[in-house]
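Engineer: Based on what follows, work out the 3D shape:
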Amino acid sequence: MAATPQNPAASAPRRKVSRHRGEGQWALGHFTPLNGNEQFKKDDDGLNVRTRIETIYSKRGFDSIDPNDLRGRMRWWGLYTQRKPGIDGGKTAILEPEELDDKYFMLRVRIDGGRLTTQQLRVIGEISQEFARGSADVTDRQNIQLHWIRIEDVPEIWNRLEAVGLSTTEACGDCPRVVIGSPVAGIAEDEIIDGTWAIDEINKRFIGSKEFSNLPRKFKSAISGSPLLDVVHEINDIAFVGVEHPEHGPGFDLWVGGGLSTNPKIGVRLGAWVPLEEVPDVWAGVIGIFRDYGYRRLRTRARLKFLVADWGPEKFRQILETEYLKRELVDGPAPAQPLQRWRDHVGVHRQQDGNFYVGFAPRVGRVDGATLAKIADLAEAHGSGRVRTTVEQKMIVLDVTEDQVDSLVEALEALDLTARPSTFRRGTMACTGIEYCKLAIVETKQRGSSLIDELERRLPEFDEPLTINLNGCPNACARIQVADIGLKGQLVLNDAGEQVEGYQVHLGGALGLQAGFGRKVRGLKVTSEELPDYVERVLKRFQAEREEGERFAAWASRASEEALS
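Structural biologist: Next up is the predicted model:
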């Protein structure tokens, strides 16, 4: 019998129920909700809100929406209220939710593995233009987000998405989010193993199922067989990383417990090798542990990373094997370090079949509906019917014949979608920011775009791989702690003593090569206006002081505070 919110511990052994409410762990008998989020999830599963959206809210309008649906359950269908225009960052933590809410929604389209057909991309573009004021952002989890969505239009949007095989099911909420995957799965020449089947199987068996629709908080998954380690596996709740076992052949190394936000943690290896056909069952075992043993008392401690940190990898693997899989896992090797720094697949690359894929860089992930439609048209005009999104806010056109490559690259350039980007265009990411996000304190998208222009003008010869990540608040949606230069939005004082938008600076974070978190220099904050000057100054010092072949992250970890200021 499958475990559900009504029968949450069906897969866990019976234990003596303690009167102490502890951390609200279901497997220990603590079923009484300990906060408002747990209460509304117990009152009604988040997946059930779709019926109310279709039959009530879309017909009666925004003001008819129950608050627990509006700011809670609607997330299970990819819907967040967006920020009311004109509210400055100083009021983000002061105003009540209803004061921050606009009567429009952000809608997240779930794109597992980053895989899109040109037909699907065109439909998203059409929806953007018809219902979302042309808005569209490619996220760092391979999704596409739209804004300005009216509740009245949501059923029609769902109809159009689902007609081409897309959905918004569990794109947000305390549930299994999009399963990110290598955007070149099944086509890259250097691939260790293709994880596409496992992503599809997880979706078919578990996404939209009430077995895992009430988790302590969100659950992020990644599966990739690329030697480039191209799915930021270190910061997912669960990740399957392609490895070659000396006896069993290609499979996956299992990682758990990664995550960023205000308490960042690098995921840990369980030392287990998982064959492709067992990935869905192992995934279900890990998420089952999270559902049953995860901490539900405090939202700030409700991610899997806290349980993993408390248990350690040995106990976690033991519980996974004995209570959930009912068998032992095979020991296996760690993944090799990637041979190159860039993992975004930007540029022109040969496929297994002799054709080519072309990766290109929108500005900080921002596109628009008309551009998405044009990308679909260009892909088809150059012989492709497949497009991919990446975890670096980039996009890829697959299956381009050699004689069409140059023409496609030139056509993309005409749309300001370069396949030959500068370091700054290639390495700069930004979250949604104060433009739409109710948690944000500062603007990010336009700031990131203008920073790219300034740095290209000031440092035209700089060609070292470098990441610059801008985030509008401390929650790290843009992965500030693992960027070479991570910028956390906050209000700071300028030279005149006025409170203005700015950033706390993190320096020297990395994933893949020597993964770790960036260094915070005491008191190092810059205003938004000072940002280009600051980055230029630090990069020139790096160029002057670096040792032969030294990466920015390594230099930043050893540089003096004066050099980093």
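Engineer: switch to C-alpha atoms for all contacts and neighbour counts from now on
Structural biologist: Will do.
Engineer: Against Gly347, how distant is Pro338?
Structural biologist: Applying CA to CA, to the nearest Å, the value for Pro338 to Gly347 is 18 Å.
Engineer: again, but for Ser213
Structural biologist: In terms of CA to CA, Ser213 sits 39 Å off from Gly347.
Engineer: okay, the two: which has more neighbours?
Structural biologist: Using other CA atoms under 10 Å, the more surrounded residue of Ser213 and Gly347 is Ser213, with 24 against 17.
Engineer: For the more buried one, which non-adjacent residue is closest in space?
Structural biologist: Spatially, and ignoring its direct neighbours in sequence, Ser213 is nearest to Cys175 (4.9 Å; CA to CA, 6 or more residues apart in numbering).
Engineer: isn't that neighbour right up against Lys218?
Structural biologist: Yes - counting by CA atoms under 8 Å, Cys175 touches Lys218, with 5.1 Å between them.
Engineer: who has more neighbours, those two?
Structural biologist: For Cys175 and Lys218, the more surrounded residue by other CA under 10 Å is Cys175, and the numbers stand at 29 against 20.
Engineer: per-residue confidence at that one?
Structural biologist: pLDDT recorded at Cys175 is 98.
Engineer: Contact partners for it?
Structural biologist: 76, 212-215, 217-219 (CA atoms under 8 Å, 6 or more residues apart in numbering).
Engineer: again, but for Asp43
Structural biologist: Asp43 neighbours (CA under 8 Å, 6+ apart): none.
Engineer: From Ile157, how far out is it?
Structural biologist: Asp43 sits at a distance of 28 Å from Ile157 (criterion: CA to CA).
Engineer: Would you list the phi and psi of the closest residue to Trp283 other than its chain neighbours?
Structural biologist: The shortest distance from Trp283 to any non-neighbouring residue, by CA to CA, 6+ apart, is to Ile238 (7.5 Å). With angles defined as degrees, to the nearest 10, Ile238 sits at phi -140, psi 140.
Engineer: Hmm, Ile238 is touching Asp253, no?
Structural biologist: No - contact criterion CA under 8 Å: Ile238 and Asp253 do not qualify, at 10.6 Å.
Engineer: can you list residues touching both of these two?
Structural biologist: Contacts common to Ile238 and Asp253, judged by CA under 8 Å, 6+ apart, are absent.
Engineer: These two - which one has more neighbours?
Structural biologist: Neighbour comparison, Ile238 and Asp253: the larger count goes to Ile238, with 29 against 26 (by other CA under 10 Å).
Engineer: Can you check the pLDDT for the more buried one?
Structural biologist: 98.
Engineer: One more: the one 4 residues further on?
Structural biologist: Gly242 is assigned a pLDDT of 98 by the prediction.
Engineer: I'd like the distance between it and Trp255.
Structural biologist: 11 Å.
Engineer: circling back to that earlier point, what residues are bridge-paired with the residue nearest to Trp283?
Structural biologist: Taking DSSP bridges as the rule, Ile238 bridges to Ser221, Val256.
Engineer: do the one 4 residues further on as well
Structural biologist: According to DSSP bridges, the partner residues bridging Gly242 are Phe252.
Engineer: now swap in Val492 and tell me
Structural biologist: Beta-bridge partners recorded for Val492 (DSSP bridges): Val500.
Engineer: Closest to Leu487 out of the contacts of Cys175?
Structural biologist: Using CA to CA, Lys218 comes nearest to Leu487 of the contacts of Cys175, at 24.0 Å.
Engineer: In this structure the closest one contacts Glu170, no?
Structural biologist: No - counting by CA under 8 Å, Glu170 is not a contact partner of Lys218; they are 9.6 Å apart.
Engineer: In stretch 86-95, which residues have enough neighbours to count as buried?
Structural biologist: Buried residues in stretch 86-95, counted by 16 or more other CA atoms under 10 Å: 87, 89-90, 92.
Engineer: Kindly reformat the residues you listed as TSV containing secondary structure and pLDDT.
Structural biologist: Shown next, in TSV, are the buried residues of stretch 86-95 (DSSP: H, G, I helix; E, B strand; the rest coil; pLDDT from 0 to 100):
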residue	secondary structure	pLDDT
Ile87	coil	94
Gly89	helix	94
Gly90	helix	91
Thr92	coil	92
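Engineer: which among those residues gets closest to Ala430?
Structural biologist: Gly89 (16.7 Å).
Engineer: With adjacent residues omitted, what lies nearest to the closest one?
Structural biologist: Nearest one to Gly89, counting by CA to CA, 6+ apart, is Ile441 at 3.9 Å.
Engineer: so the one you found makes contact with Leu491?
Structural biologist: Yes - using CA under 8 Å, Ile441 is in contact with Leu491, at 7.2 Å.
Engineer: between these two, who's got more neighbours?
Structural biologist: Neighbour totals were compared for Ile441 and Leu491, and Ile441 leads with 28 against 21 (other CA under 10 Å).
Engineer: which residue ranges form the helices in the stretch 201-350 of the chain?
Structural biologist: Assigned by DSSP state H, counting those that start in this stretch, the stretch 201-350 of the chain shows helices spanning 279-293, 304-311, 313-319.
Engineer: Just tell me which of those ends up closest to Asn355.
Structural biologist: With CA to CA as the criterion, Asn355 lies closest to helix 279-293 of the helices of the stretch 201-350 of the chain, at 29.6 Å.
Engineer: how big is the angle separating that closest one from helix 304-311?
Structural biologist: If you take axes from the mean of the first three to the mean of the last three CA atoms, to 10 degrees, helix 279-293 sits at 80 degrees to helix 304-311.
Engineer: Give me the contacts around helix 279-293.
Structural biologist: Residues outside helix 279-293 that contact it (CA under 8 Å, 6+ apart): 8-9, 12, 25-28, 198-199, 201-202, 212, 214-216, 219, 238, 240, 274, 304, 307, 320, 324-325.
Engineer: Would you list the buried entries among those residues?
Structural biologist: Among the contacts of helix 279-293, the ones that count as buried (16+ other CA under 10 Å) are 8-9, 12, 25-28, 198-199, 202, 212, 214-216, 219, 238, 240, 274, 304, 307, 320, 324-325.
Engineer: which SS class is Tyr104?
Structural biologist: strand (DSSP: H, G, I helix; E, B strand; the rest coil).
Engineer: okay, now it: neighbour count?
Structural biologist: 20.
Engineer: mind checking how far it is from Tyr357?
Structural biologist: Taking CA to CA, one finds Tyr104 at 37 Å from Tyr357.
Engineer: can you pull out the helices in the stretch 351-500 of the chain?
Structural biologist: Counting by DSSP H, counting those that start in this stretch, the helices of the stretch 351-500 of the chain are 369-381, 405-414, 423-427, 445-458.
Engineer: So what touches the third one?
Structural biologist: The set of residues that contact helix 423-427 without belonging to it, under CA under 8 Å, 6+ apart, is 346, 361, 363-364, 452, 455-456, 462-469.
Engineer: Can you tell me which of those residues is nearest Asp403?
Structural biologist: For the contacts of helix 423-427, the minimum distance to Asp403 (CA to CA) is 18.9 Å, reached by Val346.
Engineer: any idea what sits nearest the residue most central in space within the chain, other than its immediate chain neighbours?
Structural biologist: For the chain, the residue sitting closest to the mean C-alpha position, by CA atoms, centre = their mean, is Arg141 at 3.1 Å. Distances taken as CA to CA, 6+ apart place Val391 nearest to Arg141, at 5.0 Å, with adjacent residues excluded.
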